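Q: Please find the sequence and the predicted model below.
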Amino acid sequence: MSDLRNQGFPGAQPTVARSASHEIDEGLRAYMLRVYNYMAIGLGITGIAAYGAFMMAVTSDPGLSVGQLANGTMVTSFGAMLFNSPLKWVVMLAPLGLVFFLSAKISTMSVSSAQIAFWVFAALMGISLSSIFLVYTSTSITRVFFITSAAFGALSLYGYTTKKDISGWGSFLFMGLIGIIIASVVNIFLGSTALTFAISVIGVLVFAGLTAYDTQQIKEMYYEGDSATASGRKAIMGALRLYLDFINMFIMLLSLFGNRN
């Protein structure tokens, strides 16, 4: 019997290999689904927070208004703090600070704590984005959201399914991202519409590339032997990366195709 086991039966080893491959594939699919679910919940929280903050900030009732914005929109006391006071800089920078915090501390955080930090980040991002409802029509925001969703889905699917190693894109995309950040800071003082257009076009290309690149990197991060905690942390960080790609692509496309109020 021992000799027979050592010799094996025809097809026995491929069956074992196929079984192991199937288990890994199922594990990978579950892991990626968890990443996308976290990301989708984060986007939902952002959308609710953005619209909720906007509705709390503006009013059509003169009795509730404490002032007006440059475009004539009447704002509540909350809106005055959010849009017309130094608090707006805190709101704008808070999500960035939380991203750095989450990236630095996630390796020592529990999965539940990391989830809460991600949800808080998504809510803060939503509040910081509430001003888009002052600038763009609701119809165009909705339209660009669906355009972004379709583009993101196609690019992420490419990153997940391609057999090509696109890790070499990383350095070029990172340089493009740094360039966008620098140009955006400079344009705060210049206010150039031409530079804004150029930033938006280049930004769409950079974040489109990052969507495919990050998806492949997140897929490569999966390891069958990870503990539930390690896998959960990886899923949250993966969701954060894809969330940022989506949000930035959305903002760039909105700048290009959004109809202004």
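A: Ah, there it is.
Q: CA atoms for contacts and neighbours, from now on please.
A: Fine.
Q: what residues are up against Ala117?
A: The contact partners of Ala117, by C-alpha atoms under 8 Å, 6 or more residues apart in numbering, come to 98, 102.
Q: Which helix or which strand is home to it?
A: helix 111-128 (DSSP states H and E).
Q: for Phe152, same thing?
A: Per DSSP H and E, Phe152 falls inside helix 138-161.
Q: can I get the CA coordinates of the helix or strand just after that helix in PDB?
A: Counting by DSSP H and E, the next helix or strand C-terminal to helix 138-161 is helix 169-190. Only the C-alpha atoms of helix 169-190 are listed here, as PDB (Å, rounded to 0.1, in the frame of the first residue of the first chain):
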ATOM      1  CA  TRP A 169       3.800  52.300 -13.700                       C
ATOM      2  CA  GLY A 170       4.200  53.200 -10.000                       C
ATOM      3  CA  SER A 171       7.200  55.600 -10.200                       C
ATOM      4  CA  PHE A 172       5.700  57.500 -13.200                       C
ATOM      5  CA  LEU A 173       2.300  57.700 -11.600                       C
ATOM      6  CA  PHE A 174       3.800  58.900  -8.300                       C
ATOM      7  CA  MET A 175       5.800  61.600 -10.100                       C
ATOM      8  CA  GLY A 176       2.600  62.700 -11.900                       C
ATOM      9  CA  LEU A 177       0.800  62.800  -8.500                       C
ATOM     10  CA  ILE A 178       3.500  65.000  -7.000                       C
ATOM     11  CA  GLY A 179       3.300  67.300 -10.000                       C
ATOM     12  CA  ILE A 180      -0.500  67.600  -9.600                       C
ATOM     13  CA  ILE A 181      -0.200  68.500  -5.900                       C
ATOM     14  CA  ILE A 182       2.500  71.100  -6.600                       C
ATOM     15  CA  ALA A 183       0.600  72.700  -9.500                       C
ATOM     16  CA  SER A 184      -2.600  72.700  -7.500                       C
ATOM     17  CA  VAL A 185      -0.900  74.600  -4.600                       C
ATOM     18  CA  VAL A 186       0.600  77.100  -7.000                       C
ATOM     19  CA  ASN A 187      -2.800  77.600  -8.700                       C
ATOM     20  CA  ILE A 188      -4.400  78.600  -5.400                       C
ATOM     21  CA  PHE A 189      -2.400  81.800  -5.700                       C
ATOM     22  CA  LEU A 190      -2.500  82.200  -9.500                       C
END
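Q: Mind checking the pLDDT average for helix 169-190?
A: Average pLDDT, helix 169-190: 90.
Q: For the following helix or strand past that helix, list every residue counted as buried.
A: The helix or strand immediately downstream of helix 169-190 is helix 193-221, counting by DSSP H and E. Residues 196, 199-219 are the ones in helix 193-221 that count as buried (16 or more other C-alpha atoms under 10 Å).
Q: Give me the neighbour count for Asn175.
A: Careful, residue 175 is Met and not Asn. 12 (other C-alpha atoms under 10 Å).
Q: Ser110 now?
A: With other C-alpha under 10 Å as criterion, Ser110 counts 14.
Q: which phi and psi does it have?
A: phi -70, psi 160 (degrees, to the nearest 10).
Q: The residue lying closest to it once chain neighbours are set aside: which element?
A: Distance criterion C-alpha to C-alpha, 6 or more residues apart in numbering; nearest residue to Ser110, sequence neighbours excluded, is Thr229 at 7.1 Å. Element membership for Thr229 (DSSP H and E) is helix 228-257.
Q: Could you tell me the angle between that helix and helix 193-221?
A: Taking axes from the mean of the first three to the mean of the last three C-alpha atoms, to 10 degrees, helix 228-257 and helix 193-221 form an angle of 160 degrees between their directions.
Q: Helix 228-257 packs against which elements?
A: Judged by 3 or more C-alpha pairs under 8 Å, 6 or more residues apart in numbering; DSSP states H and E, helix 228-257 is in contact with helix 12-57, helix 111-128, helix 138-161, helix 193-221.
Q: remind me which residues of this structure are low pLDDT?
A: 1-24, 61-72 (pLDDT under 70).
Q: again, 80 this time
A: 1-25, 60-74, 85, 224-225, 261 (pLDDT under 80).
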